[in-house]
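**Q** Let me see the structure of the following:
(one chain, ligands or ions: 1)
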Amino acid sequence: MSSIAFTNIATLVTNDVSSGDGVLGVLRDATLVVEDGLIASITQGEPSGVDSVIDCAGKTLLPGFVDSHSHLIFAGDRAEEFSARSRGQKYTAGGIASTVDATRAASDSVLAHNAQRLLDEALASGTTTIEIKSGYGLTAADESRSIEIARSFTDETTLLAAHVIPQEFKAEPHAYVDLIINSIIPQSSAKWIDVFCDQGAFTPEQTEAILRAGISRGMLPRIHANQLSAGKGVEIAVALGAASADHLSKSTAADIELLASSETVATLLPGAEFSTHLESNLGRKFLDAGATVAIASDCNPGSSYTTSMPFCIAAAVSLLGFTVEEAVRAATFGGAKALLREDIGTLAVGKKADLVLLNAPSYIHLAYRPGVNLVHSTYKSGRAVTSWQK
Ligand SMILES: [Zn+2]
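**A** Presented below is the predicted three-dimensional model:
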């Protein structure tokens, strides 16, 4: 058994509202002890009998960020498309096709190397758990290898074969839906099933059929809904008991109420709002309605090419009307809820010691100092790590 004590923690964010102040359960000058990768105690006294001590004087310790929405298995980039948007071009689902071409042409090692690079970035900015989607292969073989590569990095893998209709099926989209249901899903080892239910992507009928096919194979549902236009995605998500409905930029008042009265988490993606100039400002409404809210990076080469959860926290405050506390909670506790994970996202006895230590006296600096990497160290199961491993 090995033990480590984090002492003199200037600000400790626990997300445990029963033990600390406010929605973040904040404690001052705390000591957190880790034994064998799990949190053994949280006190305000001196530790005794521990193997090693980390003095956190002047620093902030909080749960590692839980990024519940990313698309890391791809090749190439779309910098020119981003540049065109800065000149006024609108974002559409169509740009995904160029990444599909590059991904199909890439070797497994190119795809894995690219994902590792992005995961190392995420780790350096405090992410300790990440969900990774497929969705740039769109053939049985390419979706299958995308999930296998994702599985080498995380247990939270999501089959998103229903990202867009691939070019070769444009004239007969129903045939691609059949391929997903009859071939791609049965061959997939992903934990989650997801559909991009939106204008230019999949219809509500197709979405429901694909999610039901995944569920019948033991996958858990989640959804991309209301990014580009209002639709039935939220209704379908709630009816099927999805863990999360993501994007939600164009949600109606009825959608917001429905999510707030359900177990489905509302996952907002401020990096996408930032990068696509959607100018959505609905975040506050989900919070006011009482929905459980997560924020995630949506890291992908088209609409949100960031791995930084601190950036997403700052963007949620600036663009979506979150308080700093709500944004930090959404990036930790909310992300864990969106992945149905009880072992992470909260710092309490028995939880996993996935931690991020900030070179800052308060978590407020995450939004107050945008674009500055304040992360001193990231810990997975109590161990400081600098390169992403599953
Ligand atoms: Zn997405």
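**Q** Going by C-alpha atoms from here, please, whenever you check contacts or count neighbours.
**A** Noted.
**Q** could you pull out the strands for the stretch 1-150 of the chain?
**A** For the stretch 1-150 of the chain, the strands defined by DSSP state E, counting those that start in this stretch cover 3-13, 26-35, 38-43, 52-55, 60-63, 65-67, 127-130, 132-133.
**Q** do you know which of those strands lies nearest residue 317?
**A** strand 65-67 (16.3 Å; Cα to Cα).
**Q** which helices and strands sit right next to that closest one?
**A** Contact analysis of strand 65-67 by 3 or more Cα pairs under 8 Å, 6 or more residues apart in numbering; DSSP states H and E lists strand 127-130, helix 335-338 as its packing neighbours.
**Q** Give me the sheet partners of the first one and which way each runs.
**A** Within its sheet, and counting by DSSP bridges, strand 127-130 is paired with strand 65-67 (parallel).
**Q** who's in contact with residue 58?
**A** For residue 58, the contacting residues are 8, 9, 10, 359, 360, 361, by Cα atoms under 8 Å, 6 or more residues apart in numbering.
**Q** Adding mean pLDDT, distance to residue 331 and mean neighbour count, write the strands of the stretch 1-150 of the chain out as a markdown table.
**A** Listed next are the strands of the stretch 1-150 of the chain as a markdown table, based on pLDDT from 0 to 100; distance: least, Cα to Cα, whole Å; neighbours: other Cα atoms under 10 Å:
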| stretch | mean pLDDT | distance to residue 331 | mean neighbour count |
| --- | --- | --- | --- |
| strand 3-13 | 97 | 12 | 23 |
| strand 26-35 | 97 | 16 | 21 |
| strand 38-43 | 97 | 20 | 19 |
| strand 52-55 | 96 | 25 | 13 |
| strand 60-63 | 98 | 9 | 28 |
| strand 65-67 | 99 | 6 | 32 |
| strand 127-130 | 98 | 9 | 28 |
| strand 132-133 | 98 | 16 | 30 |
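**Q** Ok, which of the ones you listed comes nearest residue 346?
**A** Comparing the strands of the stretch 1-150 of the chain under Cα to Cα, the one sitting nearest is strand 60-63, at 6.1 Å.
**Q** who's in contact with that closest one?
**A** By Cα under 8 Å, 6+ apart, the list of residues contacting strand 60-63 reads 9-14, 332, 344-347, 353-363.
**Q** Just give the nearest non-adjacent residue to residue 179, would you?
**A** residue 140 (8.0 Å; Cα to Cα, 6 or more residues apart in numbering).
**Q** Wait, a strand at residue 222?
**A** Yes - assessed by DSSP: H, G, I helix; E, B strand; the rest coil, residue 222 belongs to a strand.
**Q** coming back round to it: separation between the residue nearest to residue 179 and residue 273?
**A** According to Cα to Cα, to the nearest Å, residue 140 stands 31 Å off from residue 273.
**Q** what residue ranges in the stretch 1-150 of the chain are flagged as low confidence?
**A** 1, 93 (pLDDT under 70).
**Q** Apply 90 and report the result again.
**A** Counting by pLDDT under 90, the ranges of the stretch 1-150 of the chain that qualify are 1, 19-20, 44-49, 85-86, 88-97.
**Q** again, but for the stretch 201-350 of the chain
**A** 227-229, 276-282.
**Q** Going along the chain, name the strands of it.
**A** According to DSSP E, counting those that start in this stretch, the strands that the stretch 201-350 of the chain contains are 220-225, 244-247, 265-268, 293-295.
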